[in-house]
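Visitor: sequence? don't have it. structure:
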């Protein structure tokens, strides 16, 4: 599942994000969502979130159980 729709993302969800510094390489960082930073319902490059460890990036994928 991709991270373009805000309704699919919520605090406590495990996700893979792309940090600003990794946009060229596409390196994905995994963590748990602390809060959502994008207010719109949809974003073409992914909803921006803050992870519990403080890192900020756009959701590239949602980790499924």
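Guide: That came through, no problem. A quick note: this is a predicted structure, and the numbers were derived from the prediction, not measured. Numbering: from 1, shown residues only.
Visitor: what bits of this structure have low per-residue confidence?
Guide: Filtered on pLDDT under 70, the chain yields the residue ranges 65.
Visitor: run through the residues that contact the most centrally placed residue in it.
Guide: Nearest to the mean C-alpha position of the chain, counting by C-alpha atoms, centre = their mean, stands residue 59 at 2.4 Å. Neighbouring residues of residue 59 by C-beta atoms under 8 Å, 6 or more residues apart in numbering: 2, 3, 4, 9, 15, 16, 17, 46, 47, 48, 49. Bear in mind the C-beta positions are built from the backbone N, C-alpha and C, glycine included.
Visitor: mind putting the residues you listed into JSON lines with distance to residue 55?
Guide: Shown next, in JSON lines, are these (distance: C-beta to C-beta, whole Å):
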{"residue": "2", "distance to residue 55": "19"}
{"residue": "3", "distance to residue 55": "15"}
{"residue": "4", "distance to residue 55": "19"}
{"residue": "9", "distance to residue 55": "15"}
{"residue": "15", "distance to residue 55": "11"}
{"residue": "16", "distance to residue 55": "12"}
{"residue": "17", "distance to residue 55": "7"}
{"residue": "46", "distance to residue 55": "14"}
{"residue": "47", "distance to residue 55": "15"}
{"residue": "48", "distance to residue 55": "11"}
{"residue": "49", "distance to residue 55": "9"}
